[in-house]
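> for reference, the sequence and a predicted model appear below.
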Amino acid sequence: GGGGACACMCACVRACVGACMWYGLSSGLPMVGPKPGYPGMWLAVGFGYGIIHGGGIGRYLAQWMKNGYPPYDLTEADPARYGSWADDTQYVMNKARESYGMNNSYGYVKEERKGGRPTQRAGPLYSALKERGAQFGFKVGFEVPLWFERPGDESGYKPSFHRTNWFNPVGRESKLVREAVGVMDLSSFATFKVAGPDAHTFLSYVFANKIPKAKGRSCLAHMLMPNGRVMSEMTVTCTATEGDSGGAEYMLTTGGGSELHDVRWLEQHHHCVPCVTIENTTERMGCLGVAGPKSPQLMERLFPGVDFSRGSWPLMSHRHLELNGVELDVMRLSYTGELGWEIHCPKSDVQSLYCSIHALGKDLGVDDFGMYAMNSLRMEKGFRAWGAEISKDNTIVEAGMMAFVRDAGKMSFIGSETVEYELANGSKEQLVMLRVVEDDGQTDPDGSEAVYCDGKVVGHVSSGCYAYQAGHGLAFAYVPPFLAEEGLEVEIDVIGKRRRCVVIQPPVPADHLRLR
């Protein structure tokens with residue numbers, strides 16, 4: 001030991017080697033992890049300041065390689081965030097210049113950067129939605145409508161740490177979905193087809209929920225890692241059974257940002273149940289969401305002769321329907337928590353479907369709504385979001401999602417032993433919903449804010465918003481279990497100011513009958 005210290009004391013710098021700072025990736029962040037589509041190939045590239053990240057990234061990759069899953073959530077640096085849409089030299093050059101130029105800038109809440117946009121993957125309705133006043137956000141190449149500008153609204157992108165020009169339009173869209181009927185472009189969804197004699201067995205192994213065997217039934221399901229944390233959330237729909245001519249078949253739907261991330265996990269475990277095929281259908285499929293109390297009337301006009309009443313079409317059910325010679329996958333569910341349907345169709349037919357919805361629903365008050373309104377609506381219903389409440393940093397038990405986990409004793413799934421252990425021994429933290437008591441009329445929680453109790457940081461906000469129906473701010477937060485009691489007060493730090501909040505327990509302040 002002493003000799004080593006002496007050697008260090010006597011060492012001198014023999015040469016300085018200068019190297020380029022790397023800004024070749026469009027987001028300014030590196031790629032760390034396995035490369036989708038290339039089994040056994042691992043990446044750790046694109047670091048602007050490589051050596052300073054070396055220790056942490058080396059440990060992160062070593063643990064992932066050894067265990068078969070990442071030790072914590074680093075999705076923002078996952079190579080799976082890039083697909084073929086990013087294989088565009090001009091796009092990469094534009095984003096690299098932008099990232100370098102913004103290197104020392106601060107980031108706004110809900111920040112959007114415009115370099116290199118739109119990409120070749122913008123979406124089948126990009127031009128039509130732009131004409132109707134859509135203000136877009138970027139998601140893995142897609143241009144996703146965030147909110148819609150109408151006459152009298154302040155136009156354009158106005159970044160701010162406070163409520164800005166989208167605040168009132170989002171309130172208008174939320175009211176539209178609650179009281180009439182709204183339509184939203186969901187073509188950024190990723191979709192997969194899992195088929196084969198062992199499809200049900202395979203899905204039952206990788207997902208924690210009970211996978212439906214009956215044709216036309218859907219469920220919300222989560223793929224867990226062996227440590228019980230959540231790798232993915234999907235809607236799983238049985239579209240055909242063994243008795244059908246093509247054999248058993250399932251349709252899996254997830255958020256666009258999870259496309260390559262989720263299919264990589266499916267393929268990683270494909271060898272466990274070999275008689276299964278996995279097909280990524282994202283590039284050829286589009287989707288429109290229709291939601292609101294008048295949505296059954298609109299759907300019955302769109303599909304004459306089909307009964308869309310609640311009793312005839314149960315929640316989480318699916319049917320194959322035809323429109324103008326095109327076969328569609330229609331499911332009764334909506335992330336808004338309102339009565340609604342998702343209509344999946346080939347991307348080439350999304351435009352005509354969208355125009356038909358507006359033409360047939362004009363007297364019903366149909367109009368567009370965007371992601372910001374959907375986020376507010378889902379939070380008012382207590383719905384969790386992937387990447388926020390549900391992630392590789394928290395377990396399914398901590399997230400309060402045990403209603404979507406089957407009895408592990410009947411059939412094991414990845415992570416089942418950890419789930420059982422946690423249920424028996426307790427969790428380290430628990431998800432709660434907070435109602436913001438002190439509203440300054442200017443700012444709302446958005447996510448990542450610190451939670452304080454008795455002057456000490458005790459947790460963090462996973463997501464937040466202004467709840468237009470309730471008339472106050474809402475936040476989901478992870479806190480120690482002793483604070484997960486209805487009526488307890490905590491504080492959250494919103495742009496440097498402590499705001500008093502009260503725990504709502506259970507975190508569902510809305511009437512679920514609206515959805516059912």
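Okay, I see it.

> give me the number of residues near the nearest residue to Gly415 once chain neighbours are set aside?
Distances taken as CB to CB, 6 or more residues apart in numbering put Leu224 closest to Gly415, at 3.2 Å, once the chain neighbours are dropped. The way it works is simple: take the backbone N, C-alpha and C, and place the C-beta from them, glycine included. Per other CB atoms under 10 Å, the neighbour tally for Leu224 reads 24.

> wait, what's in contact with Leu224?
Leu224 is in contact with Ala208, Val230, Met231, Ile396, Phe413, Ile414, Gly415, Ser416, Thr418, Val419, counting by CB atoms under 8 Å, 6 or more residues apart in numbering.

> could you redo the last one with a cut-off of 6 Å?
Ala208, Ile414, Gly415 (CB atoms under 6 Å, 6 or more residues apart in numbering).

> what of Gln120?
By CB under 6 Å, 6+ apart, the contact list for Gln120 reads Trp85.

> wasn't Glu233 part of a helix?
No. With DSSP: H, G, I helix; E, B strand; the rest coil as the criterion, Glu233 is located in strand rather than a helix.

> mind listing the residues bridging to the closest residue to it other than its chain neighbours?
Excluding its sequence neighbours, the residue lying closest to Glu233 (CB to CB, 6+ apart) is Trp386, at 4.5 Å. Trp386 forms beta bridges with Ile390, as assigned by DSSP bridges.

> and Trp386, how many residues sit next to it?
By the criterion of other CB under 10 Å, Trp386 has 18 neighbours.

> quick revisit: against Pro36, how distant is the residue nearest to Gly415?
Relative to Pro36, Leu224 is positioned 20 Å away (CB to CB, to the nearest Å).

> low-confidence ranges, the stretch 151-300 of the chain, go.
Applying pLDDT under 70 to the stretch 151-300 of the chain flags residues 245.

> all strands for it, in order.
182-185, 190-195, 218-224, 230-240, 249-254, 277-280, 285-291 (DSSP state E, counting those that start in this stretch).

> most neighbours per residue, which of those?
Sort these by mean neighbour count, taking mean count of other CB atoms under 10 Å, and strand 182-185 sits at the top with a mean of 28.

> partner strands of it, parallel or antiparallel?
Here strand 182-185 is paired, per DSSP bridges, with strand 285-291 (antiparallel), strand 367-368 (parallel).

> please save the CA atoms from the first one in PDB.
Extracted as PDB, the C-alpha positions of strand 285-291 are listed here (Å, rounded to 0.1, in the frame of the first residue of the first chain):
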ATOM      1  CA  MET A 285     -50.800   0.500 -37.800                       C
ATOM      2  CA  GLY A 286     -52.500   3.800 -36.700                       C
ATOM      3  CA  CYS A 287     -55.000   4.600 -34.000                       C
ATOM      4  CA  LEU A 288     -57.700   7.100 -33.100                       C
ATOM      5  CA  GLY A 289     -59.200   7.500 -29.600                       C
ATOM      6  CA  VAL A 290     -62.800   8.600 -29.200                       C
ATOM      7  CA  ALA A 291     -63.900   9.500 -25.600                       C
END
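
> which residues are in contact with it?
124, 177, 182-184, 186-187, 189, 191, 334, 336, 338, 340-345, 347, 350, 353.

> what about 7 Å?
Strand 285-291 has contacts (CB atoms under 7 Å, 6 or more residues apart in numbering) with 124, 177, 181-187, 189, 191, 298-299, 334, 336, 338-347, 350, 353-354, 357.

> picking up where we left off before, can you tell me how far the residue nearest to Gly415 is from Ile357?
Distance, Leu224 to Ile357, by CB to CB: 37 Å.

> before we move on, the earlier item: just send the strands paired with strand 182-185 back as JSON lines, with distance to Gly68 too.
Compiled in JSON lines, the strands paired with strand 182-185 are given as follows (distance: least, CB to CB, whole Å):
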{"stretch": "strand 285-291", "distance to Gly68": "30"}
{"stretch": "strand 367-368", "distance to Gly68": "43"}
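
> among those strands, which comes closest to Gln430?
Ranking the strands paired with strand 182-185 by proximity to Gln430 (CB to CB) places strand 285-291 first, at 29.9 Å.

> nearest spatial neighbour of Pro169, chain-adjacent residues omitted?
Excluding its sequence neighbours, the residue lying closest to Pro169 (CB to CB, 6+ apart) is Trp147, at 5.0 Å.

> and stretch 401-421, how far from the chain's centre?
Put simply, stretch 401-421 sits 23 Å off its chain's centre (CA atoms, centre = their mean, to the nearest Å).

> please enumerate residues in contact with that stretch?
Here stretch 401-421 has contacts from 204-210, 220-222, 224-228, 384, 396-397, using CB under 7 Å, 6+ apart.

> contact partners for Leu423?
Residues near Leu423 by CB under 7 Å, 6+ apart: Val397.

> quick one: buried residues of the strand or helix carrying it?
Using DSSP states H and E, Leu423 maps to helix 416-425. With burial defined by 16 or more other CB atoms under 10 Å, the residues of helix 416-425 counted as buried are Ser416, Thr418, Val419, Glu420, Glu422.

> excluding sequence neighbours, find me the nearest residue to Ala240.
Ranked by CB to CB, 6+ apart and with sequence neighbours excluded, the top spatial neighbour of Ala240 is Glu249, at 3.9 Å.

> might one say that that neighbour is in contact with Thr239?
Yes. Glu249 is within contact range of Thr239, at 5.1 Å (criterion: CB atoms under 7 Å).

> check which element follows the helix or strand harbouring Ser99 along the chain.
Using DSSP H and E, Ser99 sits in helix 89-101. Moving toward the C-terminus from helix 89-101, the next helix or strand (DSSP H and E) is helix 126-131.

> which other residues reach that next one?
For helix 126-131, contacts defined as CB under 7 Å, 6+ apart pick out Pro118, Glu143, Pro145, Asp185, Gln351, Tyr354.

> who's in contact with the residue positioned nearest the centre of the chain?
Centrality entry for the chain: nearest residue to the mean C-alpha point is Trp386, 4.2 Å, by CA atoms, centre = their mean. By CB under 7 Å, 6+ apart, the residues touching Trp386 are Glu233, Gly255, Ser258.

> and the pLDDT for it?
Predicted confidence (pLDDT) for Trp386: 93.

> for the closest residue to Ser309 other than its chain neighbours, give me its contacts.
Leaving aside its chain neighbours, Ser309 sits nearest to Pro296 (6.1 Å; criterion: CB to CB, 6+ apart). Shown in contact with Pro296 (CB under 7 Å, 6+ apart): Phe308, Ser309, Leu339.

> what ranges does this protein have for its helices?
2-10, 50-67, 89-101, 126-131, 167-179, 199-206, 259-268, 295-302, 350-360, 371-380, 416-425 (DSSP state H).

> tell me how far the fourth one lies from the chain's centre.
Translated: helix 126-131. Computed by CA atoms, centre = their mean, the separation of helix 126-131 from the middle of its chain amounts to 23 Å.

> buried stuff in that helix?
Along helix 126-131, these residues count as buried under the neighbour rule (16+ other CB under 10 Å): Tyr126, Ala128, Leu129.

> export the residues you listed as JSON lines, with columns for distance to Ala484.
What follows is those, written out as JSON lines (distance: CB to CB, whole Å):
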{"residue": "Tyr126", "distance to Ala484": "43"}
{"residue": "Ala128", "distance to Ala484": "45"}
{"residue": "Leu129", "distance to Ala484": "41"}
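
> just the closest of those to Gly171, please.
Using CB to CB, Leu129 comes nearest to Gly171 of the buried residues of helix 126-131, at 19.8 Å.

> show the model's pLDDT score for the residue nearest to Pro169.
With respect to pLDDT, Trp147 scores 98.

> still on that earlier bit, got the CA coordinates for the helix holding Leu423 in PDB?
Taking C-alpha atoms only, helix 416-425 is exported to PDB below (Å, rounded to 0.1, in the frame of the first residue of the first chain):
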ATOM      1  CA  SER A 416     -43.700 -13.400  -8.800                       C
ATOM      2  CA  GLU A 417     -41.400 -14.500  -5.900                       C
ATOM      3  CA  THR A 418     -40.400 -10.900  -5.200                       C
ATOM      4  CA  VAL A 419     -44.000  -9.800  -5.300                       C
ATOM      5  CA  GLU A 420     -45.000 -12.400  -2.700                       C
ATOM      6  CA  TYR A 421     -42.000 -11.500  -0.500                       C
ATOM      7  CA  GLU A 422     -42.800  -7.800  -0.600                       C
ATOM      8  CA  LEU A 423     -46.500  -8.400   0.200                       C
ATOM      9  CA  ALA A 424     -45.400 -10.400   3.300                       C
ATOM     10  CA  ASN A 425     -42.700  -8.000   4.500                       C
END
